[in-house]
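Chemist: Test case, fold it:
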Amino acid sequence: MLKIGDFSKLSRISIRMLRHYDEIGLLKPGKVDAFTGYRYYEESQLLDAERIQVLKNMGFGLSVIREIMGKYADAEELKHFLEIKRQETAEQEQILRQRKHLIDSTIEWMRKDGSIMGYDVSLKTLPKRYVASVRQVIPAYEEEGRLWHIMRDETADMELRFDSPCYDMAVFYDGDYKESDVDVEVQRTVIGTYRDIEHVKFKTMPSVQYAGAVFQGRYEKITRVNEAVARWCADNGYEFDGVGFNIYHVGPKDTENPEEFVTEVCYPVKKKQ
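Modeler: Numbers count the residues shown, from 1 in each chain. Model prediction:
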């Protein structure tokens, strides 16, 4: 048998951590001296120690590792745990990629200007229009694409005639920002009249006066653009008068490169009394 110090050296796990593993039932010593309390390990336990280290390096927590170790001999069970971790890792990778893009765009923004008023805000009127629309409560703002897919799939055989200019828009009906279950409607302007189908509805939208700012690039910039619009309204004596919407002048249907997106952030406004 190996003393705890020798086992620590061979397994490359600190004595402190080995004691912790013992306390939580992850790697218990083969023998504990009843008189001294000293821990001894079997040479064969070095394999268990190696497996624990490998699982830790994969990102598994100790409680999950303890569960895995109890089922390690079952190849199907082990594969199940690994597939779950692979999916979690892919999701974390996506989050980290988005975070890096946000950092990069912020650095670029600071290098070019560093001022929220770098966005030109203007007062405009969106004309009366006839639209195809899909409105649903979706899990998050990032899931807006599913509404566009519904519109595309359900109208594929309808031979819709699109207006010129064709406004691709998303309207956000919630009064405040929500982290989940958001009420969103996507609209595309069309010519003619059509009957409603399962999820796609056709209707006439009234003209609306709005304050808007156009920006190019990823959607992470929207918060800064919102701030520019709010500042413009305060400086020019306007107040918000309805739910906000985005006009996608160049969007995912036009390019796969998010840096080429051109979006107009819009808020209906009226002159303060």
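
Chemist: Residue 137 belongs to a strand?
Modeler: Yes: Residue 137 forms part of a strand when assessed by DSSP: H, G, I helix; E, B strand; the rest coil.

Chemist: list the contacts for it?
Modeler: By Cβ atoms under 8 Å, 6 or more residues apart in numbering, the contact set of residue 137 is 181, 182, 183, 184. For every residue, glycine as well, the C-beta is placed using N, CA and C.

Chemist: So for residue 13, what's the nearest residue that isn't a sequence neighbour?
Modeler: Leaving out its chain neighbours, the residue that sits closest to residue 13 by Cβ to Cβ, 6 or more residues apart in numbering is residue 49, at 5.8 Å.

Chemist: now do residue 81
Modeler: residue 68 (5.3 Å).

Chemist: Make CSV out of the contacts of residue 137 and add distance to residue 63 and secondary structure.
Modeler: Shown next, in CSV, are the contacts of residue 137 (distance: Cβ to Cβ, whole Å; DSSP: H, G, I helix; E, B strand; the rest coil):
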residue, distance to residue 63, secondary structure
181, 31, coil
182, 34, strand
183, 38, strand
184, 38, strand
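
Chemist: For residue 126, give me the pLDDT.
Modeler: At residue 126, the model reports a pLDDT of 95.

Chemist: give me the beta-bridge partners of it?
Modeler: Beta bridges link residue 126 to residue 208 when assigned by DSSP bridges.

Chemist: before we move on, which element is the residue nearest to residue 81 in?
Modeler: Element membership for residue 68 (DSSP states H and E) is helix 62-69.

Chemist: Buried residues in that helix, which are they?
Modeler: 62, 65, 66, 68, 69 (16 or more other Cβ atoms under 10 Å).

Chemist: Run the angle between the helix or strand containing residue 22 and helix 62-69 for me.
Modeler: Residue 22 is part of helix 15-23, with elements assigned from DSSP H and E. For helix 15-23 against helix 62-69, the angle between stretch directions is 60 degrees (axes from the mean of the first three to the mean of the last three Cα atoms, to 10 degrees).

Chemist: what's helix 15-23 in contact with?
Modeler: 4, 5, 7, 8, 11, 13, 27, 28, 29, 39, 52, 62.

Chemist: CA-only coordinates of that helix in CSV, if you can.
Modeler: Extracted in CSV, the C-alpha atoms of helix 15-23 (Å, rounded to 0.1, in the frame of the first residue of the first chain):
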residue,chain,number,x,y,z
ILE,A,15,-2.9,15.8,0.0
ARG,A,16,-5.4,18.4,0.9
MET,A,17,-7.5,17.4,-2.2
LEU,A,18,-7.2,13.7,-1.4
ARG,A,19,-8.6,14.4,2.1
HIS,A,20,-11.4,16.3,0.5
TYR,A,21,-12.1,13.4,-1.9
ASP,A,22,-12.3,11.1,1.1
GLU,A,23,-14.7,13.4,2.9
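
Chemist: how much distance is there from that helix to the middle of the chain?
Modeler: 38 Å (Cα atoms, centre = their mean, to the nearest Å).

Chemist: Helix or strand next in line after it, which one?
Modeler: Past helix 15-23, the next helix or strand by DSSP H and E is strand 31-32.
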